[in-house]
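> A structural model of the following input is requested.
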Amino acid sequence: MMLPVVRVLLERAETARYQLRGLLDVLPEDMLDWPDGGGGWTVRTHAAHALGTDRVITAFLSEGGSHDFAAFVAGLPDRRDEAITNANAATLTGLLREADAARMELAARFGMLGPADLAASAVVPGAGHWPGGERTLTLLDYLHAWSSHDGDHEQAIRRAIARRPDLSTIALTQRLRR
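From the prediction side, this is the model:
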């Protein structure tokens, strides 16, 4: 039986995924390489990152009672970069198919979480409310952020496709493709 708070977070994530998928389903292939204009990620990178997150969480939860949330949090940047690299080599159709399978597996893992699991915590240096401060992050906090994660990337993708790239960007892209 899934904890009610986890059920709500999963439903919130499902809504965000539905909206992200709706957007990705209608994008022409050439728009996937458009930059977001902010962090230097392309539409494809945003999609790869958002769609790959469930697999990272599932891998952590699959470790059972021996998992170390602090180590998981510390390793997130490296796992994110690796997942993006792997996903960028895949087709969008493949990413979406893998994301569906990962979401189903993650939902099954969520059913095994108990209150003690959600209370697992890690100290995140430099994430406090003052310079040099630190913040304690629980698995529940992390799942709250995860539940809206797809929506954040959907908005970044919408910003990227809402503006047309300048002509020098188009010319450079064409030259790199040759």
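
> who are the packing partners of the lengthiest helix in the chain?
For the chain, the longest helix by residue count, based on DSSP state H, is helix 4-26. When contacts are defined as 3 or more Cβ pairs under 8 Å, 6 or more residues apart in numbering; DSSP states H and E, helix 4-26 packs onto helix 43-61, helix 92-110, helix 139-147, helix 149-162. Heads up, the C-betas are built off the backbone N, CA and C, glycines and all.

> quick check, central residue of the protein?
Ala50 (3.1 Å; Cα atoms, centre = their mean).

> wait, that residue sits on Gln155?
No. Here Ala50 does not reach Gln155: they are 10.8 Å apart, not a contact under Cβ atoms under 8 Å.

> hmm, back to that, the longest helix of the chain vs helix 43-61, what angle?
150 degrees (axes from the mean of the first three to the mean of the last three Cα atoms, to 10 degrees).

> restrict helix 4-26 to CA atoms and write it as CSV.
Taking Å, rounded to 0.1, in the frame of the first residue of the first chain, the C-alpha atoms of helix 4-26 are listed here in CSV:
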residue,chain,number,x,y,z
PRO,A,4,-0.8,8.9,0.8
VAL,A,5,1.8,11.6,0.6
VAL,A,6,3.8,9.5,-1.9
ARG,A,7,0.6,8.8,-3.9
VAL,A,8,0.0,12.6,-4.2
LEU,A,9,3.5,13.2,-5.3
LEU,A,10,3.3,10.5,-7.9
GLU,A,11,0.0,11.9,-9.2
ARG,A,12,1.6,15.4,-9.4
ALA,A,13,4.5,13.9,-11.3
GLU,A,14,2.1,12.1,-13.7
THR,A,15,0.4,15.3,-14.5
ALA,A,16,3.7,17.1,-15.2
ARG,A,17,4.8,14.1,-17.4
TYR,A,18,1.5,14.2,-19.3
GLN,A,19,2.1,17.8,-20.2
LEU,A,20,5.8,17.3,-21.1
ARG,A,21,4.9,14.3,-23.3
GLY,A,22,2.1,16.4,-25.0
LEU,A,23,4.7,19.0,-25.9
LEU,A,24,7.4,16.5,-27.0
ASP,A,25,4.9,14.6,-29.2
VAL,A,26,4.3,17.6,-31.4
